[in-house]
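Participant: fold the following for me, if possible:
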Amino acid sequence: MSGIFLVDYIALGLLVGFLAGLLGVGGGGIMVPIFTILFAMQGFEHEKIMHLALGTSMATIIFTSFSSMRAHYKKDNIEISMALKIAGGVLIGTFSATFLASYLAGVYLALFFGVFMSYVAFKMFSKPSYEANTNPHGKVGNIFTGTLIGAISALVSIGGGSLTVPYLVHQNFDMKRAIGTSAAVGFPIAISGTIGYAINGFGNSDLQNYIIGYIYLPAVIIVAISSIFSVPLGVKYASILPTQRLKKVFGVLAVILSIKMIVSVI
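Facilitator: Next comes the predicted model:
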């Protein structure tokens, strides 16, 4: 890896860590398109760049999601019983979806990613309205929903917060507890997704270039380590900066990067 790419990955890690602390996002919406662009510049196999970006992003989320989960656990913001129910479905859905991803062409994965990030941006611009649910889901409903959340999260390589938090609020969780429980669900999503992308992309492994399956290890390590240093800064400014306005900026940025990513893989 040349020095310029080292700087790029460090900068990406600092950005992802800052956004994680500021907005509570795992960073997949930013990492995937930027990984795609950087991998193309590094000359990786064009047909597998999108898969490599998804797997590498998912592996990186292991570290950011664990940090978030631990912080929320210390603040007693996690409903453990609900997290376990959803996690059961998440493990199945995430792992299974990596098999589907391995068979899809990169352009279709990129298009699905772009559509999903457009949905996320739309939700960030719309004003949320929640009503009390008089008939919340039971165990089976929570596991089934977890399976869907895991499957979608694997296909777009996110920690699932944009899906899990609204679902938990609909299940009559207050926002703080919904965010904390979602953080706990994000960790098994990242673990299961990483294992799935490593197994399904095993034939793509290139140990000389530190690629295992669909995971580029140098990017994972550099982004994960550098993100640690910027998370506290994001947390510090979370109570100062206009978070709701910045979420809209994040949504627009994610869509723009998605369009750039789609163009790069076509």
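
Participant: flag every buried residue along whatever helix or strand Ser65 lives in.
Facilitator: Element membership for Ser65, per DSSP states H and E: helix 49-74. Neighbour counts over helix 49-74 (16 or more other Cβ atoms under 10 Å) mark 49-65, 67-69, 72 as buried. All C-beta atoms are positioned from the backbone trio N, CA, C, and that covers glycine.

Participant: ok, then the element right after that helix?
Facilitator: From helix 49-74, the next helix or strand downstream (DSSP H and E) is helix 80-103.

Participant: state the mean pLDDT of that next one.
Facilitator: Averaged across helix 80-103, pLDDT comes to 92.

Participant: what are the contacting residues of it?
Facilitator: The contact list for helix 80-103 (Cβ atoms under 8 Å, 6 or more residues apart in numbering) reads 51, 54, 109, 139, 142-155, 160, 164, 168, 171, 173, 181, 184-185, 188-189, 192-193, 195-197, 199-201, 214.

Participant: buried ones from the residues you listed, can you make that a ChimeraX selection?
Facilitator: Buried subset of the contacts of helix 80-103, written as a ChimeraX selection, criterion 16+ other Cβ under 10 Å:
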select :51,54,109,142,143,145,146,147,149,150,151,152,153,154,155,160,164,168,171,173,181,184,185,188,189,192,193,195,196,197,200,201,214
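
Participant: narrow the contacts of helix 80-103 to those in helices?
Facilitator: Judged by DSSP state H, helices contain the following of these: 51, 54, 109, 139, 142-155, 164, 168, 181, 184-185, 188-189, 192-193, 195-197, 199-200.

Participant: count the neighbours of Phe5 for me.
Facilitator: By the measure other Cβ atoms under 10 Å, the count of residues near Phe5 is 16.

Participant: hang on, I meant Ile221
Facilitator: Applying other Cβ under 10 Å, I find that Ile221 has 16 neighbouring residues.

Participant: quick one: average confidence on the host helix or strand of Val32?
Facilitator: Assigned by DSSP H and E, Val32 belongs to helix 28-41. Average pLDDT, helix 28-41: 89.

Participant: gap between stretch 213-231 and the chain center?
Facilitator: Distance of stretch 213-231 from the chain centroid (Cα atoms, centre = their mean, to the nearest Å) equals 13 Å.

Participant: how about that stretch: buried residues?
Facilitator: 213-216, 219-224, 226-227, 230-231.

Participant: could you dump those to JSON lines with distance to Leu246, pLDDT and secondary structure?
Facilitator: Below are the buried residues of stretch 213-231 laid out as JSON lines (distance: Cβ to Cβ, whole Å; pLDDT from 0 to 100; DSSP: H, G, I helix; E, B strand; the rest coil):
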{"residue": "Gly213", "distance to Leu246": "34", "pLDDT": "94", "secondary structure": "coil"}
{"residue": "Tyr214", "distance to Leu246": "31", "pLDDT": "95", "secondary structure": "coil"}
{"residue": "Ile215", "distance to Leu246": "30", "pLDDT": "96", "secondary structure": "strand"}
{"residue": "Tyr216", "distance to Leu246": "29", "pLDDT": "96", "secondary structure": "strand"}
{"residue": "Ala219", "distance to Leu246": "25", "pLDDT": "95", "secondary structure": "helix"}
{"residue": "Val220", "distance to Leu246": "26", "pLDDT": "95", "secondary structure": "helix"}
{"residue": "Ile221", "distance to Leu246": "28", "pLDDT": "95", "secondary structure": "helix"}
{"residue": "Ile222", "distance to Leu246": "25", "pLDDT": "95", "secondary structure": "helix"}
{"residue": "Val223", "distance to Leu246": "21", "pLDDT": "93", "secondary structure": "helix"}
{"residue": "Ala224", "distance to Leu246": "23", "pLDDT": "91", "secondary structure": "helix"}
{"residue": "Ser226", "distance to Leu246": "21", "pLDDT": "92", "secondary structure": "helix"}
{"residue": "Ser227", "distance to Leu246": "18", "pLDDT": "86", "secondary structure": "helix"}
{"residue": "Ser230", "distance to Leu246": "15", "pLDDT": "85", "secondary structure": "helix"}
{"residue": "Val231", "distance to Leu246": "16", "pLDDT": "77", "secondary structure": "helix"}
